[in-house]
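In: When you get a sec, could you give me coordinates for this:
(2 chains)
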Amino acid sequence: GESVGLHLPTLSVQEGDNSIINCAYSNSASDYFIWYKQESGKGPQFIIDIRSNMDKRQGQRVTVLLNKTVKHLSLQIAATQPGDSAVYFCAENEGGGNKLTFGTGTQLKVEL
Amino acid sequence: NAGVMQNPRHLVRRRGQEARLRCSPVKGHSHVYWYRQLPEEGLKFMVYLQKENIIDESGMPKERFSAEFPKEGPSILRIQQVVRGDSAAYFCASSQGQGASGNTIYFGEGSWLTVV
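Out: Okay, here's the model as predicted:
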């Protein structure tokens, strides 16, 4: 994941539009990636995961894309709703190890 | 959050006191993780435990911090002689098998520590 920053990048979208949240991961040996959603004052909530032997995985209204060549991960949310407003974190099992390393996070704001 | 229970949810301690944070994993989960989160930042790994064993404590400060996951009872994160810089949200997570290998890791709602 990215190194820590003091200000979260923010993505603002209109309700009903699609959202794309990006993440650059740090270690080419990482082989498992997860997206989490965190609402204010709450713990991270699992959204979707993907292994490195896959390029794409779909869930309900969400799709994760993995580009190992450029070490890039993205989360696509279809038909974004107000309830999707939260901070989204990507996480990797850095170097294929036994712990998850989290990125800085992206604040998603859904405008009505 | 699939049943990871943390308590207390909010804790206020004076500098120099001890803080004890408890975590009961999802029933049947034997892998527990502790993470720390500062405001506007991501989660930082602290320690990974399996029942009665510390597997990886590479993110744990060398002094004042300790963690355990006994055979019976919750996992405990203990912070001795707290300082203002310890103020943060501490999240516990659990998984059935090794989380980083693909077993879903579920997080609790966190314990917010404020040191005054």
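
In: and residue 36, what is it in contact with?
Out: Just going to use chain A. A:44-47, A:88-91, A:102, B:107 (CB atoms under 8 Å, 6 or more residues apart in numbering or on different chains). Just so you know, the C-beta spots here come from the backbone N, C-alpha and C atoms, and that holds for glycine as well.

In: my bad, chain B
Out: With contacts taken as CB under 8 Å, 6+ apart, residue B:36 has the following neighbours: B:43-44, B:46, B:88-91.

In: ok, which of those residues also contact chain A?
Out: Counting by CB under 8 Å from any CB of the partner chain, B:43-44, B:91 from the contacts of residue B:36 sit close to chain A.

In: what about the closest residue to residue A:54 other than its chain neighbours, how many residues close to it?
Out: Of all residues not flanking residue A:54 in the chain, residue A:66 sits nearest, at 6.6 Å (CB to CB, 6 or more residues apart in numbering or on different chains). Using other CB atoms under 10 Å in any protein chain shown, residue A:66 is surrounded by 19 other residues.

In: repeat for the one 10 residues further on
Out: Residue A:76 has 16 neighbours, counted by other CB under 10 Å.

In: just so I have it, where are all the strands in chain A?
Out: For chain A, the strands identified by DSSP state E occupy A:10-14, A:19-24, A:32-38, A:45-51, A:56-58, A:62-67, A:72-77, A:86-92, A:101-102, A:106-111, in order along the chain.

In: Could you identify which of these has the lowest mean pLDDT?
Out: Between those, the lowest average pLDDT goes to strand A:101-102, which shows a mean of 90.

In: Can you give the strand pairings for that one, parallel or anti for each?
Out: Counting by DSSP bridges, the strands paired with strand A:101-102 are strand A:86-92 (antiparallel).
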